[in-house]
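*Asks:* Provided below are the primary sequence and the corresponding predicted coordinates.
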Amino acid sequence: MEEILSKVRRLQLMRDQISPEIIREKDIKLGLRNPDGTGVIVGITTKGRVIGYETEAAPEEPTGKRVIPVEGRLYYCGYDISQLVERNLEAGRFGFEEVIYLLLTGELPGEADLEKFTSELHKRAQLSTLERRIIMGEVENYNQMYALHSVISHLSRCDSNPDTVDVFEVSKRCVDLIAKAPVIVAHNYNVCKFRKGEDMAFVRPKENLSIAENFLFMLHGDMPDREDAQIFDACLTMHAEHGGGNNSTFTVRTVSSSGANTYMAIAAGIASLSGQFHGGANESVMYMMAQCQKVVKDWYSDKDIRKFLEDVLDGKAADGSGKIYGLGHAVYTLSDPRAIILKRFAKRLAEKHNQIELYNLFEKVEEVGKQLVYERKGNVVCVNVDFYSGLVYKFLGIPESLFTPIFAMARIVGWSAHRLEQIIQGKIIRPAYISPDYEIKEYVDLKERN
């Protein structure tokens with residue numbers, strides 16, 4: 001078996017790798033990206049807008065334009081995400097429910113509508129007996145993303161008409177999944193602990209708590225600190241949406257465009273988000289930083305940190321991927337607006353938990369890492385949402401195995417909004433792949449092959 005697999009691998013590498021010359025000659029947009037790194041425009045959305053650069057005419061460039069880095073901005077249905085987060089923090093309110101309403105409808109709710117909508121979310125958050133059995137049935141799924149993917153796909157068994165693509169009916173199913181997702185993630189984790197020998201804890205959500213408060217309550221079993229809950233609420237808000245071009249949202253739109261049902265489309269988004277180069281990156285950041293803490297003796301030494309990060313880029317440290325996780329973004333250049341807010345939260349929580357030295361190490365890695373990447377590649381990069389989010393979750397007492405599921409349960413909001421938009425637009429997504437050559441081969445009889 002090993003011999004034939006080795007041959008398969010050798011042939012795959014020989015046949016499937018594409019030379020840079022062919023990419024240029026045929027103007028192939030690998031990863032749906034233009035040569036200057038900007039994304040290929042494949043659609044239009046009113047849900048989210050991501051700005052990380054501007055372009056200007058540059059006849060001397062091969063593409064005829066030049067990318068100009070700018071400070072990052074993110075908008076939900078036209079509203080600046082930084083303003084949404086800051087206004088709710090200033091008012092001492094929880095804003096995730098408001099953002100759910102905004103992304104689904106395109107409008108900020110009035111007080112009466114928000115109250116009705118929040119009440120509806122509370123009602124739909126309750127799991128049926130069958131839904132709880134599905135969670136209990138995930139016996140071997142200690143990986144929380146695997147479990148979440150399986151449970152969401154199996155929820156179609158609890159639906160008498162799962163395959164409907166009627167916009168009104170799909171909207172109801174989306175709201176159901178948005179409401180249930182935090183409960184599913186918390187219960188998945190508690191079931192996993194039970195399987196490992198701890199006491200069973202199926203803590204039901206309370207009607208008078210926000211989604212953020214309820215999640216921390218279900219996870220820990222006691223009422224969360226209000227400041228912690230508001231920070232977590234802001235995290236959910238910032239993870240809810242990021243335009244149509246990110247990998248998981250594009251996946252949901254692609255699957256939705258085929259006529260697949262809501263459960264399959266959302267499960268596809270979860271599958272995409274599980275990858276270490278997308279949602280799983282915050283866990284990779286924490287692994288990399290754990291290695292940094294062990295290897296770097298002087299956490300205040302730029303030289304020692306630089307040596308560690310050089311080893312990371314050379315594939316000699318961390319997970320060997322050659323990537324500094326949490327650094328760089330497909331769109332943001334000078335700054336990621338979410339990372340700016342998360343960095344502030346991380347410092348506040350570090351001071352609160354007497355862990356300021358750990359925060360300072362993260363900050364040092366950010367500074368040295370950006371400089372090192374610029375020296376090696378000539379790219380201006382910033383830390384992205386994943387760099388500080390794991391540290392914030394750590395201070396909130398959230399286990400690393402839930403970092404990506406939390407991202408998923410928040411992003412189900414954006415996925416749902418994009419699914420509905422895709423259904424309304426009604427065009428199946430079908431990009432083209434071309435052959436590097438058009439050689440036609442004659443069939444050779446089995447006995448005559450080498």
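*Replies:* Looks like it arrived, so ask away. Numbering: from 1, shown residues only.
*Asks:* can you tell me how far residue 63 is from residue 447?
*Replies:* Residue 63 sits 52 Å away from residue 447, taking C-beta to C-beta, to the nearest Å as the criterion. From N, CA and C alone the C-beta is placed, and that goes for glycine too.
*Asks:* between these two, which has more neighbouring residues?
*Replies:* Neighbours of residue 63 and residue 447, each counted by other C-beta atoms under 10 Å, are more numerous for residue 63; the result is 12 against 5.
*Asks:* you'd agree the more buried one is up against residue 37?
*Replies:* No. Shown here, residue 63 and residue 37 do not form a contact pair, counting by C-beta atoms under 8 Å, at 10.1 Å.
*Asks:* check contacts around residue 318.
*Replies:* Contacts for residue 318 (C-beta atoms under 8 Å, 6 or more residues apart in numbering) come out as 284, 287-288, 291, 312, 325.
*Asks:* any idea which of those residues is closest to residue 146?
*Replies:* When the contacts of residue 318 are compared for distance to residue 146 (C-beta to C-beta), residue 284 comes out closest, at 17.0 Å.
*Asks:* the spatially closest residue to that closest one that is not a sequence neighbour: which element?
*Replies:* Closest residue in space to residue 284, ignoring its immediate chain neighbours: residue 325 at 4.1 Å, by C-beta to C-beta, 6 or more residues apart in numbering. With elements taken from DSSP states H and E, nothing contains residue 325; it lies in neither a helix nor a strand.
*Asks:* now do the buried residues in the helix or strand where residue 285 lies.
*Replies:* Element membership for residue 285 (DSSP H and E) is helix 281-295. In terms of neighbour count (16 or more other C-beta atoms under 10 Å), helix 281-295 has its buried residues at 281-286, 288-289, 291-292.
*Asks:* can I assume the residue nearest to residue 284 is in contact with residue 278?
*Replies:* No. The pair formed by residue 325 and residue 278 falls short of the contact definition of C-beta under 8 Å, at 11.5 Å.
*Asks:* which of those two has more neighbours?
*Replies:* When neighbours are counted by other C-beta under 10 Å, residue 325 comes out ahead of the other of residue 325 and residue 278, with 27 against 16.
*Asks:* distance of the more buried one relative to residue 386?
*Replies:* Between residue 325 and residue 386 the distance is 7 Å, computed by C-beta to C-beta.
*Asks:* quick one: common contacting residues for those two?
*Replies:* Common neighbours of residue 325 and residue 386 are listed as 281, 284-285 (criterion: C-beta under 8 Å, 6+ apart).
*Asks:* can you tell me the element residue 13 falls in?
*Replies:* Assessed by DSSP H and E, residue 13 sits inside helix 2-16.
*Asks:* kindly apply the preceding question to residue 68 instead.
*Replies:* When secondary structure is defined using DSSP H and E, the element that contains residue 68 is strand 65-76.
*Asks:* please name every helix or strand in contact with that strand.
*Replies:* Packed against strand 65-76 by the contact rule (3 or more C-beta pairs under 8 Å, 6 or more residues apart in numbering; DSSP states H and E) you find strand 48-57, helix 81-91, helix 96-105, helix 337-352.
*Asks:* then the helix holding residue 13 to PDB, C-alphas only?
*Replies:* Output in PDB follows, covering the C-alpha atoms of helix 2-16 (Å, rounded to 0.1, in the frame of the first residue of the first chain):
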ATOM      1  CA  GLU A   2       2.800   2.500   0.900                       C
ATOM      2  CA  GLU A   3       4.500   1.900  -2.400                       C
ATOM      3  CA  ILE A   4       1.400   2.700  -4.500                       C
ATOM      4  CA  LEU A   5       0.500   5.700  -2.300                       C
ATOM      5  CA  SER A   6       4.100   7.000  -2.800                       C
ATOM      6  CA  LYS A   7       3.600   6.700  -6.500                       C
ATOM      7  CA  VAL A   8       0.200   8.500  -6.400                       C
ATOM      8  CA  ARG A   9       1.800  11.300  -4.400                       C
ATOM      9  CA  ARG A  10       4.700  11.600  -6.900                       C
ATOM     10  CA  LEU A  11       2.400  11.700  -9.900                       C
ATOM     11  CA  GLN A  12       0.100  14.300  -8.100                       C
ATOM     12  CA  LEU A  13       3.000  16.600  -7.500                       C
ATOM     13  CA  MET A  14       4.300  16.100 -11.100                       C
ATOM     14  CA  ARG A  15       0.900  16.600 -12.800                       C
ATOM     15  CA  ASP A  16      -1.000  19.100 -10.500                       C
END
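*Asks:* what mean pLDDT would you report for that helix?
*Replies:* In this model, helix 2-16 has a mean pLDDT of 78.
*Asks:* same question for stretch 405-417.
*Replies:* Average pLDDT, stretch 405-417: 97.
*Asks:* for it, what is the distance to the chain centroid?
*Replies:* Relative to its chain's centre, stretch 405-417 lies at 8 Å (C-alpha atoms, centre = their mean, to the nearest Å).
*Asks:* how near is residue 92 to residue 145?
*Replies:* Taken as C-beta to C-beta, the span from residue 92 to residue 145 is 33 Å.
*Asks:* now do residue 22 against residue 270, distance only.
*Replies:* Spatial separation of residue 22 from residue 270 under the definition C-beta to C-beta is 34 Å.
*Asks:* any idea which element the closest residue to residue 158 other than its chain neighbours lies in?
*Replies:* Distances taken as C-beta to C-beta, 6+ apart place residue 130 nearest to residue 158, at 5.2 Å, with adjacent residues excluded. Here residue 130 sits within helix 129-136, counting by DSSP H and E.
*Asks:* next SSE after that helix?
*Replies:* Beyond helix 129-136 on the C-terminal side, the first helix or strand identified by DSSP H and E is helix 144-154.
*Asks:* which elements pack onto that next one?
*Replies:* Identification of packing neighbours for helix 144-154 by 3+ C-beta pairs under 8 Å, 6+ apart yields helix 129-136, helix 167-195, helix 262-273, helix 403-425.
*Asks:* show me which positions of that helix end up buried.
*Replies:* Burial within helix 144-154, assessed by neighbour count using 16+ other C-beta under 10 Å, is assigned to 144-154.
*Asks:* returning to that earlier point: what mean pLDDT does the helix holding residue 130 have?
*Replies:* Helix 129-136 comes out with an average pLDDT of 87.
*Asks:* hmm, back to that, relative to helix 144-154, how tilted is the helix holding residue 285?
*Replies:* 170 degrees (axes from the mean of the first three to the mean of the last three C-alpha atoms, to 10 degrees).
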